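# From the sequence below, what's the structure:
(one chain, ligands or ions: 2)
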Amino acid sequence: MRKILLLEDERNVRYAVKRVLEEAGFSVKDIENPHEIDNLTSYSLLILDIKLKNTSGIDFLRTLREKGFSIPVVVITAYANPENIISASRYGAIDILKKPFGKEELLGLVRQVLKEEEPSAKKPEVLAGGSIIGDAPSMMEVFKKVGAAASSDMTVLLVGETGVGKDFMAKVIHENSLRKDAPFVAINCSAIPETLFEAELFGCKKGAFTGAIKDVKGKVEIAEGGTLFLDEIGDIPYPLQSKLLRFLEDKSFYRLGDDEERKADVRIIAATNRDLQSLVEKGKFREDLYYRLSQLTISIPPLRERKEDIPKLINFFIKKANDEFGTQVRGVSKSALEEALNYTWKGNIRELKNTVYKRVLEVKEGYIENLQVPKESIKNINPLVRELLEALPEGEIKRFLPEMERELLSFLMERYGGNKSKIAELLNISRNTLRVKLSSYGIEG
Ligand SMILES: Nc1ncnc2c1ncn2[C@@H]1O[C@H](COP(=O)(O)OP(=O)(O)O)[C@@H](O)[C@H]1O
Ligand SMILES: [Mg+2]
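Ligands and ions are numbered 1, 2, ... in the order given. The predicted structure follows:
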């Protein structure tokens, strides 16, 4: 029978988990301290708590992997913060269960793991420091993928609106990867003129074009051993896409104007805020390159879809701003928070950060009473109204408002049996104005 090892220092949790598993027919050995482990290879699954008495479960997991143990691990924790999720995934934890979890959740996961157990020995690495904010469920999924990406050397595609944290996650992946001591080099594909792009990426030989006065290394060589981040990959010039694809396939390239084939050991992370699929359909992006890039896609949700992260981000940026400016802002008022929660943040975390920094500088101390987010030019359009508006031919646009007013007045006349005092009051206009309107629309009064 498959044996499960349970390492959890909290007695009640240990007891409850053991019981649930044993009732379901599993054999469980429970311990509260890593030193009690006898023969790890005799187990099919390790259930591991992160916050242990004298050590961290993550450190323990890392040590296991360093020693070459590939036992499947499920992490259970009340502290499912981004760093923990990323590190646990990075060291090959199959999943993370957030405490408190239900019986079915636990059993479902354990059954799934023991059926399709996939040994995942990971090489040793150090954890990234720094602050990563996010505890929305959608972000938990992002962090798991980021951790998994860090433990592999695969090409990664980060997608998401501007300001959601694509650059940020690219660096987190790099810093958690085996390449972390080698360079992280970024290219913004939308910022480089097409004519210079190839030389920028792959380098050039002296005399390859006017201005190429000496041999120059491209970014692929500068990033040797490390990670090359291709931001705004949707803007990479079409002619270069096949060269990039070849580089992704076998890491080989030519400097511009040179006929010596070279190799560079570089991991590629790409990012885009555009819909690559539709660029493919329009013939602006090579399909083969798209497939090659999108094997490991991490999609970062916009801030408006993970509002639970907003309060934490605000406090995080207030602290950072205080550190940088020497100010003493203590927080935001309830109404400022409300303001932030209702705003659509088209610029996502970047816009939030800029807004907070600006207000911290202005307010300097105490509480930020309002964030002064811009008035929204485009509100969320009511779906019923949207349907009407989308069907509207351009020529009809100017007639839309009067038409609507006519419909509204007819409706009110019907509902209130032609009671003009009542209707004028509801519309907050004078009876006389109402009468004029009614007659101009030819509504019987
Ligand atoms: N999860 C996060 N926790 C804390 N700060 C973040 C997080 N994600 C993004 N940021 C910050 O938000 C800003 C915008 O992120 P960035 O990576 O530049 O966005 P993008 O590349 O998607 O446009 C940066 O200042 C970055 O440090
Ligand atoms: Mg960016």
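# Would you mind listing what in the stretch 51-200 of the chain touches ligand 1?
132-134, 160, 162-168 (C-beta under 6 Å from any ligand atom). Placement of C-beta: from N, CA and C, glycine included.
# Pick out the most distant pair among those.
Farthest pair in these (C-beta to C-beta) is I132 and T162. Separation: 19.0 Å.
# and the two? which has more neighbours close in?
Set I132 next to T162 and count neighbours by other C-beta atoms under 10 Å: I132 wins out with 19 against 14.
# Which of the residues of the stretch 51-200 of the chain next to ligand 1 are buried, as a ChimeraX select command?
ChimeraX command restricting these to the buried ones, with burial defined by 16 or more other C-beta atoms under 10 Å:
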select :132,133,134,160,163,164,165,166,167,168
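# Now intersect the residues of the stretch 51-200 of the chain next to ligand 1 with the helices, please.
Judged by DSSP state H, helices contain the following of those: 166-168.
# quick check, L228 in a strand?
Yes. Counting by DSSP: H, G, I helix; E, B strand; the rest coil, one finds L228 located in a strand.
# follow-up on the earlier one: out of the residues of the stretch 51-200 of the chain next to ligand 1, who's near ligand 2?
166-167 (C-beta under 5 Å from the ion).
# Include pLDDT when you put the residues of the stretch 51-200 of the chain next to ligand 1 into CSV, please.
CSV is the format used below for these (pLDDT from 0 to 100):
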residue, pLDDT
I132, 90
I133, 91
G134, 89
G160, 96
T162, 93
G163, 95
V164, 97
G165, 96
K166, 97
D167, 95
F168, 95
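# Which single residue in the stretch 301-445 of the chain comes nearest to ligand 2?
When distances are taken as C-beta to the ion, the stretch 301-445 of the chain reaches nearest to ligand 2 at R350, 8.2 Å away.
# and what of the stretch 51-200 of the chain?
Taking C-beta to the ion, the stretch 51-200 of the chain has D167 as its residue nearest ligand 2, at 4.0 Å.
# cool, the stretch 201-350 of the chain as well?
For the stretch 201-350 of the chain, C-beta to the ion, closest residue to ligand 2: D231, 5.4 Å.
# For the nearest residue to that residue once chain neighbours are set aside, grab phi and psi.
Leaving aside its chain neighbours, D231 sits nearest to N188 (4.7 Å; criterion: C-beta to C-beta, 6 or more residues apart in numbering). Main-chain dihedrals, N188, degrees, to the nearest 10: phi -100, psi 100.
# gap between N188 and R267?
18 Å (C-beta to C-beta, to the nearest Å).
# Compare these two (neighbour count), which wins?
R267 (24 against 13).
# Tell me the predicted confidence for the nearest residue to that one once chain neighbours are set aside.
Distances taken as C-beta to C-beta, 6+ apart place T227 nearest to R267, at 4.8 Å, with adjacent residues excluded. As predicted, T227 sits at a pLDDT of 97.
# Ok, G211 next?
73.
# just K122 next, same as before
K122 is given a pLDDT of 33.
# And the one 4 residues further on, by the same measure?
You'll see V126 listed with a pLDDT of 32.
# same check, this time on the one 4 residues further on
Reading off the per-residue confidence, G130 sits at a pLDDT of 46.
# Can stretch 219-235 be said to contact ligand 1?
No. Stretch 219-235 stays clear of ligand 1 (C-beta under 6 Å from any ligand atom), getting no nearer than 6.9 Å.
# Now that stretch: buried residues?
219-221, 223, 226-235.
# End to end on that stretch, go ahead and measure it.
Stretch 219-235 stretches 17 Å from its first residue to its last (C-alpha to C-alpha, to the nearest Å).
# surely I4 meets L48?
No. Counting by C-beta atoms under 8 Å, I4 stays clear of L48, with 11.1 Å between them.
# what is in contact with these two at once?
Counting by C-beta atoms under 8 Å, 6 or more residues apart in numbering, I4 and L48 have no contacts in common.
# Alpha carbons of the lowest-mean-pLDDT helix or strand in the chain, as CSV, please.
Lowest by mean pLDDT, DSSP states H and E among the helices and strands of the chain is helix 383-390, with a mean of 78. Extracted in CSV, the C-alpha atoms of helix 383-390 (Å, rounded to 0.1, in the frame of the first residue of the first chain):
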residue,chain,number,x,y,z
PRO,A,383,-25.3,45.7,-20.9
LEU,A,384,-28.9,46.5,-21.9
VAL,A,385,-28.0,50.0,-23.1
ARG,A,386,-24.9,48.6,-24.8
GLU,A,387,-27.0,46.3,-26.8
LEU,A,388,-29.1,49.2,-28.0
LEU,A,389,-26.1,51.4,-28.7
GLU,A,390,-24.2,48.7,-30.6
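# pLDDT weak spots in the stretch 151-300 of the chain?
Residues of the stretch 151-300 of the chain meeting the criterion pLDDT under 70: none.
# Show me what from it comes close to ligand 2.
Near ligand 2, when you scan the stretch 151-300 of the chain using C-beta under 5 Å from the ion, you find 166-167.
# ok, which stretches of the stretch 151-300 of the chain are helices?
166-175, 194-202, 219-222, 238-250, 276-281, 287-293 (DSSP state H, counting those that start in this stretch).
# gap between the first one and the chain center?
In terms of C-alpha atoms, centre = their mean, to the nearest Å, the centre of helix 166-175 is found 11 Å from the chain centre.
# same question, the longest one
Relative to the chain's own centre, helix 238-250 is displaced by 26 Å; criterion: C-alpha atoms, centre = their mean.
# and the residue of the stretch 301-445 of the chain closest to ligand 2, how far is that from ligand 1?
Remark: distance between R350 and ligand 1 (C-beta to the nearest ligand atom, to the nearest Å) = 4 Å.
# neighbouring contacts of the host helix or strand of that residue?
R350 is part of helix 348-363, with elements assigned from DSSP states H and E. For helix 348-363, the external contacting residues (C-beta under 8 Å, 6+ apart) are 160-165, 302-303, 310, 313-314, 317-318, 321-322, 325, 327, 329, 340, 345, 347, 368-369, 371-373.
# strands paired with the helix or strand immediately after that helix in the chain, and their directions?
Going down the chain from helix 348-363, the next helix or strand is strand 365-368, by DSSP H and E. Here strand 365-368 is paired, per DSSP bridges, with strand 328-332 (parallel).
# Now do the helix or strand following the partner strand: which elements does it pack against?
With elements assigned by DSSP H and E, the helix or strand that comes after strand 328-332 is helix 334-342. Helices and strands touching helix 334-342, by 3 or more C-beta pairs under 8 Å, 6 or more residues apart in numbering; DSSP states H and E, are helix 310-325.
# got the buried residues for stretch 364-379?
Buried-residue list, stretch 364-379, by 16+ other C-beta under 10 Å: 368, 371, 373.
# Single out the residue in the stretch 51-200 of the chain that lies closest to ligand 1.
G165 (2.7 Å; C-beta to the nearest ligand atom).
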